[in-house]
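**Student:** Here is a sequence together with a model predicted from it:
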Amino acid sequence: MSADLDQLESQSIYILREAYNRIDKLAMLWSIGKDSNALLWLCRKAFFGRIPFPVVQLDTAMELPEVYEFRDRITKEWDLDLIVEQCPPEEEMDQTLPPLTRAAARKTEGLKNLLRGNAYQGIMVGIRRDEQATRAKERVFSPRSLEGDWDVKDQPAEFWDHYKTRFPEGVHVRIHPLLAWTELDIWRYSKREGIPIVPLYFARDGKRYRSLGEKNITFPVDSTASTIDEIIEELQVTRVPERAGRAMDNESEDSFERLRSVGYM
Amino acid sequence: MPNSQLRIVIVGHVDHGKSTLIGRLLNDTGSLPDGKVEQVQEMSRKRGMPFEWAFVMDALQAERDQGITIDTTQIHFKTTQRPYVIIDAPGHTEFLKNMVTGASQADAALLVIDAGEGALEQSRRHAFLLHLLGVRQVAVVINKMDRVDFSQSRYETVAHEIKEYLAELGLFPKAVIPISARHGDNIVTRTDQAPWYLGPTVIEQLDSFRRQQVSPDQPLRFPLQDVYKPGDRRILAGRIESGRLKVGDTLRFAPGGASATVVSIEAWNNPDTVLDAQAGQSIGITLDKRIFAERGHIAHHADSAPTLTHKLSVRLFWLVSEPMALGKTYTLKIATAEHRVTVEQVTAVIDVEDLSSTPGKAVHRNEVAEVVLRSRSPIAVDLAGDLPRTGRGVLIDGNDVVGGCLVIEAEDSAASNLTEVSHTVSLDERAAANGHKGGILWLTGLSGAGKSTLAMALERALFDRGWQTFVLDGDNVRNGLNAGLGFSPDDRAENIRRVAETAKLFADAGVLVIASLISPLRADRARARVIGGDRFHEIHVAADLAVCEERDPKGLYKKARAGDIPDFTGVSAPYESPEAAELVVDTGNLDRSEALAQLLDYVDETFGKNSLKSGKELTYVI
């Protein structure tokens, strides 16, 4: 057993249970990637097998076929209460965004549609601080305005595991149970627990997906890692950033930041 | 396998070079992604600014424009020894809540001080906060040594000053390191510009810090987060904050006082039966019997209980612009328990410059003070010095966390001036003299179910037989005892608590109390039961909503349907039927005399002469 994974697991379970007790209407976003799969697993641990809230996929119809296959299999096997929210088309996005970023913005709009009419007060998202600089600034309980805007300059104080759980009308909160995990932690934990993984993460013909996104804006990176062990080995020496295969991040200096400030995950 | 990561926080006055130090640490340990430095250099060139290491950190557009770090950013890097997370905590006054957010998560801290400027007010405040937040491993780095030509005497002046200050707080830095973050001196590689310095480099110092661990060899504190009810099981969920527990242990739950034995420690997808658990673990347990235990209660072993208090002294830091005011009421949250507390005294406002203190009437933003808080309900608490995790908490005003506090003194309610005087007349003697036992009949049910009618009829019947009896009626007590309480959830709960406490006093005096209150919520009634102990008998006066609405003796349903009464039980607010009432009187199907007869039978059997012969010992329940 590794003490650091136990500690991360225990902390995430604590966060999940706080969210479930304090926030009325909760849902979890499931991108079907490695992080939200681990989050699903943690939910099952926290609530002893049954996930007591719906799991939402923001669907752009642009995921790779392996992703859809995986989704349908796990939904059935784990008896998930799955909601598939269709995202609006790219033409309806803010046209001042660079084209690839626009494609990603569809998910933000899909989420807004999901939240319309105060359907949910809390949305759990499996983002991590080490993924990207703006995510590093997140709180575990992160309030958003009605439009999903994130006021990075005025975030609540959060210390000693006391989270912000009271909000005025119309505000929803993002809950980030995996914030303290690293990419390496996720892989070590997935291996330890035997969490199912979309096969696209494993190298075929010298390439693998390090981060999964829509097929039009995500590309595999060079790698020979075809097992979890090899991925863990690779991550201990690599200097390539995790989101290197995400085209939109590299499109413009502030693409990701612009996306996040208006509500991207 | 990699070592466990260490969380470090870097604090200090604005512009003393925290971000530069972090940029350097990342670069010099080879922890930056390929191309990052080039990307930032290119960006700086486009903006016509000279490259700064701090830019690597300042990932957000807003920060680059303003030139100050806004929020706590967490950055991962590795030395040959282990991985690290650096938490950058901004020094700017406005962003104190970000600094607190960052620093509270740290295992160890680096305090950055400008060699030219010395320990300014911000540095001192941060040092004080590190101390309050519980960060005990601290090293000081004296930055910008290149600007003072690596002068040994300047180093010694600044080092002496900060060491003296820290010592007064009880903090002793592991090292005071002269560096130049901009040029990389004494970060990873030892500089040849300060041959007089023989201590560790920054990296050597970091690698010698230890990870903060909670010791399992302390008294058990297991605060409940929630109670889950899958199937017919009841799982009490929470995280053990200190100590350990095992299957078979008898636990007590403070402040409720209930007690039960651990039957199992639940685990999902775990092949082995779990028999024990310890500090840091999020667990769920089942008990041998159904007791009143809810979120906020702290499970402990009988021989090492937390203090139960209504009055506590805390050392606090205040985070918001609206000052903490004498006489104002806030929510105090310790572990998972929340209590309404009123500021009774501001004993001392502490000047962070020289640590002197003066009494005051308010605590302003960024100030540290000692205050006395008083609570209506008993709080289960420890001293922060003994058990930090159940000895510290946050203050909440409205929707926001407005301050943090450490418990430095807690007046033991049981051992204080409130010490209960033992009566020389025992309960048994009273019962023998009266010819019946004292107790509480708690009549709950919808408005119009017939509670008041039944209560008054029972009082008459018992009085006529010579019983000591009295009705506490929900509507009547609101005119006196509970005048001033409204109908918010908090006020309703308080209304019920007061009636239960009053009923208990009557019962202690040997009276059979008939409490007649809608008391719609199970949790409120469960609390009343804890107060009343085993002399509390819940009587469900049950009639269908339709029946009650048709009767509508006070015309209230009509008003509620018209929207004139908000939150009216049964119409616009829930009534939670008792799950295990001692008696159900079905007033929907029984007429008045049948209902009274049923109740009288129950009273006779439970409190009457025959019950006195049962030989059961009567005890006071606290």
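**Tutor:** Noted; the coordinates are in hand.
**Student:** the helices in the stretch 1-150 of chain A, which residues?
**Tutor:** A:3-22, A:34-46, A:65-77, A:99-115 (DSSP state H, counting those that start in this stretch).
**Student:** pLDDT below threshold where in the chain?
**Tutor:** Since you didn't name a chain, this refers to chain A. Along chain A, segments meeting pLDDT under 70 span A:1-2, A:146-148, A:249-253.
**Student:** other chain: chain B
**Tutor:** In chain B, residues with pLDDT under 70: B:1-4, B:33, B:57-74, B:88-95, B:414-423, B:610-622.
**Student:** Outline the domain layout of it.
**Tutor:** B:6-208, B:222-300, B:310-412, B:427-612 (automatic domain parsing).
**Student:** how near is the residue in the stretch 101-250 of chain A positioned nearest to chain B to residue A:152?
**Tutor:** Closest contact between the stretch 101-250 of chain A and chain B, by CB to the nearest CB, is at residue A:133 (3.0 Å). C-beta here means a position set from N, CA and C on the backbone, and glycine is covered the same way. Distance, residue A:133 to residue A:152, using CB to CB, to the nearest Å: 11 Å.
**Student:** ok, now residue B:507?
**Tutor:** Where residue A:152 is concerned, residue B:507 sits at a distance of 57 Å (CB to CB).
**Student:** sorry, back to before: ok, the residue of the stretch 101-250 of chain A closest to chain B - how many residues close by?
**Tutor:** As a burial measure, residue A:133 scores 20 neighbours (other CB atoms under 10 Å in any protein chain shown).
**Student:** can you list contacts of stretch B:527-540?
**Tutor:** Contact with stretch B:527-540 is made by B:256-258, B:292, B:437-445, B:493, B:496-497, B:499-501, B:503-504, B:507, B:519, B:525, B:577-578, B:580-585, B:599, B:602, B:606, B:621-622, as judged by CB atoms under 8 Å, 6 or more residues apart in numbering or on different chains.
**Student:** What parts of the stretch 351-500 of chain B come near chain A?
**Tutor:** B:389, B:392-394, B:396, B:398-401, B:404 (CB under 8 Å from any CB of the partner chain).
**Student:** neighbours of the closest residue to residue A:200 other than its chain neighbours, just the number please.
**Tutor:** Nearest residue to residue A:200, sequence neighbours excluded (CB to CB, 6 or more residues apart in numbering or on different chains): residue A:209, at 4.5 Å. The local packing of residue A:209 (other CB under 10 Å) involves 23 other residues.
**Student:** I'd say residue A:209 and residue A:223 touch.
**Tutor:** No: using CB atoms under 8 Å, residue A:209 makes no contact with residue A:223, being 9.2 Å away.
**Student:** Kindly tell me how buried residue A:6 is, as a neighbour count.
**Tutor:** Going by other CB under 10 Å, the residues that sit close to residue A:6 add up to 15.
**Student:** and it, what is it in contact with?
**Tutor:** Counting by CB under 8 Å, 6+ apart, residue A:6 touches B:280-281.
**Student:** Run a quick neighbour tally on whichever residue of the stretch 151-300 of chain B sits closest to chain A.
**Tutor:** Going by CB to the nearest CB, chain A is nearest to residue B:282 of the stretch 151-300 of chain B, at 4.0 Å. Residue neighbour count, defined by other CB under 10 Å, stands at 23 for residue B:282.
**Student:** need the contact list for it.
**Tutor:** Applying CB under 8 Å, 6+ apart, the residues contacting residue B:282 are A:9-11, A:13-14, A:17, A:46, B:237-239.
**Student:** would JSON lines of those with distance to residue B:43 and neighbour count be doable?
**Tutor:** Shown next, in JSON lines, are the contacts of residue B:282 (distance: CB to CB, whole Å; neighbours: other CB atoms under 10 Å in any protein chain shown):
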{"residue": "A:9", "distance to residue B:43": "38", "neighbour count": "22"}
{"residue": "A:10", "distance to residue B:43": "40", "neighbour count": "18"}
{"residue": "A:11", "distance to residue B:43": "35", "neighbour count": "21"}
{"residue": "A:13", "distance to residue B:43": "40", "neighbour count": "23"}
{"residue": "A:14", "distance to residue B:43": "39", "neighbour count": "23"}
{"residue": "A:17", "distance to residue B:43": "42", "neighbour count": "23"}
{"residue": "A:46", "distance to residue B:43": "42", "neighbour count": "26"}
{"residue": "B:237", "distance to residue B:43": "48", "neighbour count": "23"}
{"residue": "B:238", "distance to residue B:43": "47", "neighbour count": "25"}
{"residue": "B:239", "distance to residue B:43": "43", "neighbour count": "25"}
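**Student:** For residue B:542, state which of those is nearest.
**Tutor:** Within the contacts of residue B:282, the smallest distance to residue B:542 is 32.2 Å, found for residue B:237 (CB to CB).
**Student:** So that closest one: helix, strand or coil?
**Tutor:** Residue B:237 falls in the strand class when you classify it by DSSP: H, G, I helix; E, B strand; the rest coil.
**Student:** For the residue nearest to it when sequence neighbours are not counted, I want the exact helix or strand it lies within.
**Tutor:** The shortest distance from residue B:237 to any non-neighbouring residue, by CB to CB, 6+ apart, is to residue B:284 (4.4 Å). Assigned by DSSP states H and E, residue B:284 belongs to strand B:282-287.
**Student:** neighbouring strands for that strand, and are they parallel or not?
**Tutor:** strand B:235-239 (antiparallel), strand B:258-266 (antiparallel) (DSSP bridges).
**Student:** so what are the domain limits for chain A?
**Tutor:** Split by automatic domain parsing, chain A gives A:3-181+A:252-261, A:195-250.
**Student:** And those domains: which comes nearest residue B:37?
**Tutor:** Taking those one by one with CB to CB, domain A:195-250 is closest: 11.5 Å.
**Student:** residues in the stretch 51-200 of chain A within reach of chain B, list them.
**Tutor:** Neighbours of chain B within the stretch 51-200 of chain A, by CB under 8 Å from any CB: A:129-130, A:133-134, A:136-137, A:139, A:152-153, A:155-160, A:162, A:164, A:166-168, A:180, A:182, A:184, A:188, A:193.
**Student:** Please state the offset of stretch B:193-202 from the chain centre?
**Tutor:** 44 Å (CA atoms, centre = their mean, to the nearest Å).
**Student:** same deal with stretch B:343-353?
**Tutor:** Counting by CA atoms, centre = their mean, stretch B:343-353 comes out at 22 Å from the chain centroid.
**Student:** One more: stretch A:143-154?
**Tutor:** The answer for stretch A:143-154 is 18 Å, by CA atoms, centre = their mean.
**Student:** Which of the helices or strands spans residue B:527?
**Tutor:** Here residue B:527 is assigned to helix B:522-532, by DSSP H and E.
**Student:** circling back: can the domains of chain B go into CSV with extra columns for distance to residue A:94?
**Tutor:** Shown next, in CSV, are the domains of chain B (distance: least, CB to CB, whole Å):
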stretch, distance to residue A:94
domain B:6-208, 16
domain B:222-300, 41
domain B:310-412, 31
domain B:427-612, 42
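**Student:** How about the residues of the stretch 201-350 of chain B by chain A?
**Tutor:** Counting by CB under 8 Å from any CB, the stretch 201-350 of chain B comes close to chain A at B:225-226, B:228, B:230, B:235, B:237-239, B:266, B:268-269, B:280-282, B:284, B:295, B:319, B:333.
**Student:** would residue B:538 count as being in a strand?
**Tutor:** Yes: judged by three-state DSSP, residue B:538 forms part of a strand.
**Student:** Dig out what it forms beta bridges with.
**Tutor:** For residue B:538, the beta-bridge partners are residue B:442 (DSSP bridges).
**Student:** What distance do you get for it to residue B:248?
**Tutor:** The spacing between residue B:538 and residue B:248, counted by CB to CB, is 31 Å.
**Student:** Compare the two and say which one has the larger neighbour count.
**Tutor:** Ranked by neighbour count (other CB under 10 Å), residue B:538 and residue B:248 place residue B:538 first, with 22 against 11.
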